[in-house]
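In: Got a sequence here, can you model it:
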Amino acid sequence: MPPLIVVDWGTTNFRAYLVEHGVCQDDVQAPDGLLNIQGDYAKALNAHIGHWLQGQTPTPILLSGMVSSPNGWIEVAHVECPANAEKLARCAYQIEDFNQGKTWIIPGLSATGMSGQFDVMRGEEIQYFGAKRIVEAENLAPADAFCFPGTHNKWINATDSFELEQFSTSMTGELFALLSGHSLLSKSMNTQGPWQENAFLQGLNNSGSKGGIMHQLFTVRSLQLSGAHTIDDGEAYLSGLLIGNEIRSILQSEAAEKAANIAVVGSDELTRRYKSAIEHLGYSAFIIDAQAATISGALEVAKHLNHQV
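Out: Below you'll find the predicted structure:
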């Protein structure tokens, strides 16, 4: 396969990879997501990767993520699940007036979530197909479910094939940011202090206690008032409560009740925290690097672009 440029363009971050022979040769990463773009996406893209486009023959570009949303470059309708890489390629939008037409926006997916409600994603589908291929190529133990930590976490039920059938979204990351920064609980935590692992584990344990999440959240404050916690414990304890409730609700649901081995796709401290939490709650977990999954997934889609890439 010829060189390929893979772009993961989200709401807050821009990541691009120059791929040759399946290997990343160079990358560009910047806090230049859609929120920072004033409408001229071609100009912004060229500013980041124009130095990769100097040759006479255009290098194909595949873009995924929120760039396909109503607030992105071009709105591309979600593809309904079940879906695979071939279906994504068939529904990709070709941008004719950039890079000599060798640029495609990959659509996101829609599905009935694990709760039975309508759900959507943009970007994680590429990582899922890539992660599945990595598991196969590296002869890893098959994952029963895939977790993608972030502001809005995605959980995908694995299938024996490369079809993506069902997933669910959890707003854990955004809820943590709101509670830790804009609620009464923000007075009960030191977000600049050292991470308190014991408080995090206690939060995980208490996430299964009686009273539910609405009661459990107030214990961030009440444990400090009682003297059992200090202000340094608050952030980690809150994180444990929220992540613990998320994991329990997903993995104990009817849709995922048989899940035992979980692939966590990411590359930051939050990813490692989810792996630790999943294992603490009695499941097996392993990490797949987000960059590797993005590149692998984009290559899967590129195979099906009718030899245009």
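In: average pLDDT across stretch 113-131?
Out: Across stretch 113-131, pLDDT averages out at 95.
In: Sorry, wrong one. I was asking about stretch 286-301.
Out: Stretch 286-301 shows a mean pLDDT of 97.
In: Can you mark which positions in it are buried?
Out: By neighbour count with 16 or more other Cβ atoms under 10 Å, stretch 286-301 contains the buried residues 288-301. Any C-beta I mention is one placed from the backbone N, CA and C, and that applies to glycine too.
In: neighbours of Asp144, just the number please.
Out: If you count neighbours by other Cβ atoms under 10 Å, Asp144 ends up with 17.
In: From Asn205, how far out is Gly193?
Out: 21 Å (Cβ to Cβ, to the nearest Å).
In: list the contacts for the residue lying closest to Glu163 once chain neighbours are set aside?
Out: With sequence-adjacent residues excluded and distances taken as Cβ to Cβ, 6 or more residues apart in numbering, Glu163 is closest to Pro82, at 4.7 Å. Taking Cβ atoms under 8 Å, 6 or more residues apart in numbering, we find Pro82 in contact with 163-165.
In: Could you pull up phi and psi at Ile74?
Out: When read as degrees, to the nearest 10, the backbone of Ile74 gives phi -130, psi 130.
In: swap that for Asp119, sorry
Out: Geometry field for Asp119 lists phi and psi as phi -140, psi 160, criterion degrees, to the nearest 10.
In: Excluding sequence neighbours, find me the nearest residue to it.
Out: Ranked by Cβ to Cβ, 6+ apart and with sequence neighbours excluded, the top spatial neighbour of Asp119 is Gly113, at 3.6 Å.
In: now do His21
Out: Met1 (7.6 Å).
In: now swap in Val28 and tell me
Out: For Val28, ignoring the flanking residues on the chain, the nearest one in space by Cβ to Cβ, 6+ apart is Ala16 at 4.5 Å.
In: Can I take it that that neighbour is in a strand?
Out: Yes - with DSSP: H, G, I helix; E, B strand; the rest coil as the criterion, Ala16 is assigned to a strand.
In: tell me the contacts of it?
Out: When contacts are counted by Cβ under 8 Å, 6+ apart, Ala16 is found next to 5-8, 27-29, 48-49.
In: Tell me the most packed of the residues you listed, by neighbour count.
Out: Most neighbours among the contacts of Ala16, by other Cβ under 10 Å: Val6, with 28 neighbours.
In: State the pLDDT value of Val309.
Out: pLDDT at Val309 comes out at 66.
In: can you give me the helices for the stretch 51-200 of the chain?
Out: Counting by DSSP state H, counting those that start in this stretch, the stretch 51-200 of the chain forms helices over residues 85-90, 124-137, 172-182, 197-206, given from the N-terminal end onward.
In: Need these in a markdown table (columns: distance to His78).
Out: A markdown table is the format used below for the helices of the stretch 51-200 of the chain (distance: least, Cβ to Cβ, whole Å):
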| stretch | distance to His78 |
| --- | --- |
| helix 85-90 | 11 |
| helix 124-137 | 10 |
| helix 172-182 | 20 |
| helix 197-206 | 33 |
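In: Would you mind finding the most buried of those?
Out: Here the criterion is mean neighbour count by mean count of other Cβ atoms under 10 Å, and of these the winner is helix 124-137, at a mean of 24.
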